[in-house]
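[1] Sequence and predicted structure, then a few things I'm wondering about:
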Amino acid sequence: MQCKAPMNAIWEMFGTAGMLCFLGLAGHKPLRGGLEISWGIELHKNELYGPAIANSYALESEVAQYPRIVVGEYAVGYLNAAANSEPTDKVELYNKRLAEHCLQMLTRDVDGYQIIDYLGQAFTDSYTKGCNKDLFDKAYRFALSQLDEFSSKRNSKLAARYNWLLSYMEAKSEIH
């Protein structure tokens with residue numbers, strides 16, 4: 001059975017992943033992740049196998065490096081294809097518009113990878129409007145404390161990661 005509105009699932013995943021990342025920082029439990037589109041198969045109940053899992057894991061474990069959600073090139077390509085499609089009915093138009101909105105919730109990070117822009121305007125308008133000032137302040141203070149801690153311990157790897165995070169947060173501070 002084919003889903004008529006597949007962009008719903010992507011929009012929900014973007015929202016869930018972005019909120020978990022943002023709330024994790026505010027709650028002092030940072031997380032990182034990767035989202036990619038590919039095939040997968042459920043061999044046993046709740047056991048998914050295939051490139052969908054492997055590629056997402058590679059993005060999380062090798063690319064993400066600091067609290068962010070990296071979106072893979074196949075997922076971005078899928079969204080671009082849907083956003084550039086010529087809809088022939090209302091459902092296809094809905095998918096196109098939702099794909100465009102999902103693309104607006106992405107930004108290219110300093111290393112060239114696309115990430116969910118969980119502090120950006122499109123994400124804020126969709127998910128965190130009204131509660132983001134307090135969350136942002138908590139997340140920012142936590143990131144600063146982590147940078148201070150890892151700098152004082154001369155852990156250059158983690159200090160650099162929190163420095164990248166703080167650069168992202170400071171670039172988005174006007175929104176919050």
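    Nice, thanks for sending it over. The shown structure was predicted, so the numbers you read here are calculated from the model rather than taken from an experiment.

[2] Residue 36 versus residue 47, what's the distance?
    Note on residue 47: its distance to residue 36, by CB to CB, to the nearest Å, is 18 Å. Bear in mind the C-beta positions are built from the backbone N, C-alpha and C, glycine included.

[3] of the two, who's got more company?
    Counting neighbours by other CB atoms under 10 Å for residue 47 and for residue 36 shows that residue 36 has the greater number, 22 against 9.

[4] For the more buried one, give me its contacts.
    51-52, 55-56, 59, 71-72, 74-75 (CB atoms under 8 Å, 6 or more residues apart in numbering).

[5] Among those residues, list the two that are farthest apart in space.
    51 and 71 (15.4 Å; CB to CB).

[6] quick one, which of these two is more surrounded?
    For residue 51 versus residue 71, neighbours defined as other CB under 10 Å are more numerous around residue 71 (29 against 14).

[7] wait, that one sits on residue 114?
    Yes. The pair residue 71 and residue 114 passes the contact test of CB atoms under 8 Å, sitting 4.7 Å apart.

[8] Pull up the overlap in contacts between those two.
    With CB under 8 Å, 6+ apart as the test, residue 71 and residue 114 both reach residue 106.

[9] host element of the residue nearest to residue 87 when sequence neighbours are not counted?
    In this structure, residue 87 finds its nearest non-sequential neighbour in residue 93, 4.0 Å apart by CB to CB, 6 or more residues apart in numbering. Secondary structure assignment for residue 93, by DSSP states H and E: helix 90-104.

[10] Which positions within that helix qualify as buried?
    95-96, 98-104 (16 or more other CB atoms under 10 Å).

[11] Which other helices and strands does it contact?
    helix 7-26, helix 73-83 (3 or more CB pairs under 8 Å, 6 or more residues apart in numbering; DSSP states H and E).

[12] of all those, which lies closest to residue 141?
    helix 7-26 (9.0 Å).

[13] Give me the contact list for that closest one.
    3, 30-33, 35, 67-69, 71, 75, 78-79, 82, 94-95, 98-99, 101-102, 105, 116-119, 123, 126-128, 135-136, 138-139, 142-143, 165.
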